[in-house]
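Engineer: no sequence on this one, just coordinates:
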């Protein structure tokens, strides 16, 4: 299974933030943009073009699914179990990167 | 600004636009950072058009009985408008490349084209630059198309010049087939017949009118192509003979290869020489050269040999035999 997930890694910054935003709750596109801005404290802002381009890829890969909504202009997106596993694996990878970085930076 | 953003959305691939277009426009309407969203939309357009593969809305599946199911991808065939845009862009690009290649650009560092004006050349090079002798690169080109010089015989005989449209000194099957149309062009006075003069004869203007008729007949008889065309040997190629020209010309095709070469068209040298002597000496046009009609020593040896039986006159047939027996001229 680990081998299956490795083909999705590493995630691009936009994909990582989208998955992170959806990890808490289901959201529509504009909500994801706002959540990404909040998580990064305004340092990283997603435009709708970048958002939906990445959402399209994530849905094609099965990491995000679209769920029905009353308003056709506001589709709701949900993190799938695959997306959650990929996100968890990516976070683990990033933790390793951070750990190594701290180790090396301490020597400097 | 909103319409520009809508235009950007419309330029996205249709599946993407149908799926996310309304949401993107909704976000654009809500946002106050229109400029950055515009830039984001432009980048998205570039990504979709260059990096993203078309996503198919289906995937092959296997039926319960194990037989794979196949789907048609008709929905993914490029739209007519997309094909039209592609054709337009291609034409513009081609035109631009041609323009750049065929015009001098400040300094003549590179010329692609030809100085020689010719319909076979796509690009003409407009430059007054002088050719340089020390080109730093080796240029290999195909040899300039070779055109054999027009045969003097084809130039002399106007009929052959008219028939040999591509001027290769050979009458091809197609040129033979189109012979009537080509011959009509020679009928300068539009009287429906081709005279010896219209076929290429240039008689001496001081020639006796009575003799002129004989010269015309000889001219039409000596040249095989004219003899074939003038089927009734009346000295002119009539309207019906022009219409029948293709059939008449094919009778000259001695090797049956469908075309007529100069070798098949040239007159027999002995016959031509005999006709020439006859034309010059037979002053009364009775087809005989008598002793009275001789002019000094002109062709005396041939005439003596032709009159071996001493009958007192020489016919053209006698001359042909004498010429062939006394020279290396052999029948074609």
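Structural biologist: Sure thing, it's come through. This one's a predicted model, so the numbers in the text were calculated from it and none came from an experiment. Numbering: from 1, shown residues only, chains lettered A, B, ... in the order given.
Engineer: can we go C-alpha only for contacts and neighbour counts from here?
Structural biologist: Noted.
Engineer: how much space between residue B:162 and residue A:28?
Structural biologist: When distance is defined by CA to CA, to the nearest Å, residue B:162 is 83 Å away from residue A:28.
Engineer: between these two, which one's more packed in?
Structural biologist: residue B:162 (21 against 18; other CA atoms under 10 Å in any protein chain shown).
Engineer: you'd agree residue B:289 is in a strand?
Structural biologist: Yes - using DSSP: H, G, I helix; E, B strand; the rest coil, the assignment for residue B:289 is a strand.
Engineer: Bridging across strands, which residues link to it?
Structural biologist: Under DSSP bridges, the beta-bridge partners of residue B:289 are residue B:314.
Engineer: Do you know the pLDDT at it?
Structural biologist: pLDDT, residue B:289: 85.
Engineer: who's in contact with it?
Structural biologist: The contact partners of residue B:289, by CA atoms under 8 Å, 6 or more residues apart in numbering or on different chains, come to B:278, B:281-282, B:313-315.
Engineer: show me the contacts for residue 11.
Structural biologist: No chain was given, so I picked chain A. Contacts for residue A:11 (CA under 8 Å, 6+ apart) come out as residue A:90.
Engineer: oops, I was thinking of chain B
Structural biologist: With CA under 8 Å, 6+ apart, residue B:11 has these contacts: residue B:45.
Engineer: what's the answer for residue A:32, then?
Structural biologist: By CA under 8 Å, 6+ apart, the contact set of residue A:32 is A:18, A:21-22.
Engineer: Closest to residue A:9 out of those?
Structural biologist: Relative to residue A:9, the closest of the contacts of residue A:32 is residue A:18; by CA to CA it sits at 14.6 Å.
Engineer: now that closest one: how far from residue A:40?
Structural biologist: Taken as CA to CA, the span from residue A:18 to residue A:40 is 12 Å.
Engineer: Just give me the residue right at the centre of chain A.
Structural biologist: For chain A, residue A:19 is the residue whose C-alpha lies nearest the centre (CA atoms, centre = their mean; 2.3 Å).
Engineer: what stretches of the stretch 101-250 of chain B score poorly on pLDDT?
Structural biologist: Counting by pLDDT under 70, the stretch 101-250 of chain B has low-confidence residues at B:102-147.
Engineer: name the element whatever residue of it ends up closest to chain A belongs to?
Structural biologist: Going by CA to the nearest CA, chain A is nearest to residue B:101 of the stretch 101-250 of chain B, at 39.6 Å. Per DSSP states H and E, residue B:101 falls inside helix B:80-102.
Engineer: so what secondary structure elements neighbour that helix?
Structural biologist: Contact partners of helix B:80-102 among helices and strands, from 3 or more CA pairs under 8 Å, 6 or more residues apart in numbering or on different chains; DSSP states H and E: none.
Engineer: Show me what secondary structure element comes after the host helix or strand of residue B:4.
Structural biologist: Assigned by DSSP H and E, residue B:4 belongs to helix B:2-10. In the C-terminal direction, the helix or strand that comes right after helix B:2-10 (DSSP H and E) is helix B:14-30.
Engineer: quick revisit: which member of the contacts of residue A:32 is positioned nearest residue B:253?
Structural biologist: Nearest member of the contacts of residue A:32 to residue B:253, counting by CA to CA, is residue A:18, at 86.0 Å.
Engineer: how about the residue in the stretch 201-332 of chain B that chain A sits nearest to, secondary structure?
Structural biologist: Distances between the stretch 201-332 of chain B and chain A by CA to the nearest CA are smallest at residue B:258, namely 68.1 Å. Classification of residue B:258 using three-state DSSP returns coil.
Engineer: Out of the contacts of residue A:32, the closest to residue B:212 would be?
Structural biologist: residue A:18 (105.9 Å).
Engineer: Pull the distance from the helix or strand harbouring that closest one to the chain's centre.
Structural biologist: Using DSSP H and E, residue A:18 maps to helix A:13-24. Distance of helix A:13-24 from its chain centroid, counting by CA atoms, centre = their mean, to the nearest Å, is 2 Å.
Engineer: And stretch B:230-250, by the same measure?
Structural biologist: Computed by CA atoms, centre = their mean, the chain-centroid distance of stretch B:230-250 equals 26 Å.
Engineer: if we can go back for a sec, hmm, the helix holding residue A:18 touching chain B?
Structural biologist: No - using CA under 8 Å from any CA of the partner chain, helix A:13-24 stays clear of chain B, coming no nearer than 12.9 Å.
Engineer: coming back round to it: which strands and helices sit next to the next helix or strand after the helix holding residue B:101?
Structural biologist: Proceeding N to C from helix B:80-102, the next assigned helix or strand is helix B:152-156, under DSSP H and E. For helix B:152-156, the contact count by 3+ CA pairs under 8 Å, 6+ apart identifies helix B:158-163 as packing neighbours.
Engineer: who touches the helix it packs on?
Structural biologist: Under the criterion CA under 8 Å, 6+ apart, residues B:154-155, B:167, B:171, B:175-176, B:178-179, B:182-183, B:185-186, B:198-200, B:226 lie in contact with helix B:158-163.
Engineer: repeat that for 10 Å
Structural biologist: Helix B:158-163 is contacted by residues B:150-155, B:164, B:167, B:169-172, B:175-186, B:194, B:196-201, B:225-226, B:229, B:262, B:265 when judged by CA atoms under 10 Å, 6 or more residues apart in numbering or on different chains.
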